[in-house]
Each structure stands twice: as structure tokens, then as C-alpha cells.
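Asker: build me a structure from this.
(chains A and B)
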Amino acid sequence: SQKIEQNSEALNIQEGKTATLTCNYTNYSPAYLQWYRQDPGRGPVFLLLIRENEKEKRKERLKVTFDTTLKQSLFHITASQPADSATYLCASSNNAGNMLTFGGGTRLMVKP
Amino acid sequence: KAGVTQTPRYLIKTRGQQVTLSCSPISGHRSVSWYQQTPGQGLQFLFEYFSETQRNKGNFPGRFSGRQFSNSRSEMNVSTLELGDSALYLCASSSAAYSGNTIYFGEGSWLTVV
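Answerer: Got it, this is the predicted structure:
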């Protein structure tokens, strides 16, 4: 069955370092991968979307990659700050509507 | 412009009752989706509506239903509530008919079933 997984439930890093979060998918080929940030008690907030024919996408301190051979997406936050502490969710979708399949999320904690 | 608005924000219901949750998408958005979020199962897709038609449905029992009105506002209903239905229910809207565009989430409705 189709599955999308985020390797780490939690990730602790020091302020200023680069945080790298991993998302793997199996048994399907999504057309898009998206990354969201979710703070406790709030709805997810869209960060970046990458298409299957794109290798890399950047937005300010954020970078996402899409490797269709490894069936993996990496999400990087450079020069991390304590304000980046949150749960980050990856989600896949195809061209059949706006249905998203989410990974379990990675809780990132950036320590000062 | 206003974001996705969900009401009520918090509610407590008793087992066996039914509940209706409401979602107002961003103005101009015709796609509305619903998700259930629990600590154990994470975020799971319930259904998606576009121009009043259900386009996709997740793997949930028939107790979960929804609809979309001509003004794109949407409601979801859960009948015969069970304890396991306690969750954060999230609504999301998009201006596009298909993926590849930004999807905006509301803050959710917290449902507790006792």
C-alpha cells in the first residue's frame, strides 16, 4: 500500500546549525511533495511545494529536494533559530484533486 | 484577506450523538478538503469537495459525511459519535482544481467525545 514516512519523530539541534528532515515514500510516485509547519494547537501552514520533475526548491532559509530514484524528499532549514521549533509535516499529492497524504511529522527543537 | 475559518473551535459531545462542523474557505476558493488529526494516526484525509461535488474520499466509515454549498462553504457531519472520533478536524481550501498550488488550512475544530 502507499506509504509516506518521516524518519524521525523528533530532532534537536543547536541554534545556527542546519536542520535536515527526511521524508520517504513507498509503493507510489507522487506528482508533488509539500512541506508544512504546524505549531501546537494550530493548523498546518504551507511552506514549500516541489514537483516530481524538480530537483530542488528554495525559499529564504528553506530548501527542499525531491529524489525520485531514492523516493525521498529532504527539507533543510539553514541558520536555524529557536523560532523554527515546531512540527514539520511532509505531504504527497497527485493530479487527482487536492487530496494530501501526510507523513507522521518531525518535531524540531532548536536550542539557543 | 481572511483565512480559512472553522467553527466551532472547541466542542464536547457524548457518545452516540452527532456533530456538524463548519468551514468557510478563503474567498474565491472552490476546493475544500477535510482532515482528521489524532496523536496515534496523524493527519488523515476525509474528503474533498470542488464546486459542490465530492471528488475524493478517504478511508473512513459512512458515519462521516460532508457537503459543500454553492458559496463554497462546507460542513462535515459525524453521526453516532464514538470515543475514537475525538480529534482535531481540519479544513483546507485551495483556489486550484488540482494539486500543485498552495493549500491553506484553518485552525481546526477540537472535538472531544465523552
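Asker: give me the residue at the spatial middle of chain B.
Answerer: B:W34 (3.1 Å; C-alpha atoms, centre = their mean).
Asker: name the element A:V64 belongs to?
Answerer: Assignment of secondary structure by DSSP states H and E places A:V64 within strand A:62-67.
Asker: immediately after the worst-scoring helix or strand of chain B on mean pLDDT, which helix or strand?
Answerer: The element with the least model confidence among the helices and strands of chain B, by mean pLDDT, DSSP states H and E, is strand B:53-57, at a mean of 92. Of the helices and strands lying after strand B:53-57 in sequence (DSSP H and E), the nearest is strand B:64-68.
Asker: tell me the angle that following strand makes with strand B:53-57.
Answerer: Orientation check (axes from the mean of the first three to the mean of the last three C-alpha atoms, to 10 degrees): strand B:64-68 against strand B:53-57 gives 140 degrees.
Asker: and strand B:64-68, what's buried?
Answerer: For strand B:64-68, the neighbour count (16 or more other C-beta atoms under 10 Å in any protein chain shown) marks B:F64, B:S65, B:G66, B:Q68 as buried. Any C-beta I mention is one placed from the backbone N, CA and C, and that applies to glycine too.
Asker: so which residues of chain A form strands?
Answerer: Ranges of strands within chain A are A:3-6, A:10-14, A:19-26, A:32-38, A:45-51, A:56-59, A:62-67, A:72-77, A:86-93, A:101-102, A:106-111, based on DSSP state E.
Asker: can you redo the buried residues of strand B:64-68 as CSV with pLDDT?
Answerer: What follows is the buried residues of strand B:64-68, written out as CSV (pLDDT from 0 to 100):
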residue, pLDDT
B:F64, 98
B:S65, 97
B:G66, 97
B:Q68, 97
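Asker: re the thing from before, tell me which of the strands of chain A sits most buried.
Answerer: Compared across the strands of chain A, strand A:86-93 shows the largest average neighbour count, a mean of 23 (mean count of other C-beta atoms under 10 Å in any protein chain shown).
Asker: avg pLDDT for it?
Answerer: What strand A:86-93 shows for mean pLDDT is 95.
Asker: dump that strand to CSV, restricted to CA.
Answerer: What follows is strand A:86-93, C-alpha atoms only, in CSV (Å, rounded to 0.1, in the frame of the first residue of the first chain):
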residue,chain,number,x,y,z
ALA,A,86,7.7,23.3,15.5
THR,A,87,6.4,20.1,13.9
TYR,A,88,7.2,19.8,10.2
LEU,A,89,5.0,17.6,8.0
CYS,A,90,5.6,16.3,4.6
ALA,A,91,2.7,15.5,2.3
SER,A,92,2.3,14.0,-1.1
SER,A,93,-0.3,14.6,-3.8
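Asker: related to what we said a few turns ago, so who does the residue nearest to the centre of chain B touch?
Answerer: B:C23, B:F45, B:L46, B:F47, B:E48, B:G66, B:S74, B:M76, B:Y89, B:L90, B:C91, B:A92 (C-beta atoms under 8 Å, 6 or more residues apart in numbering or on different chains).
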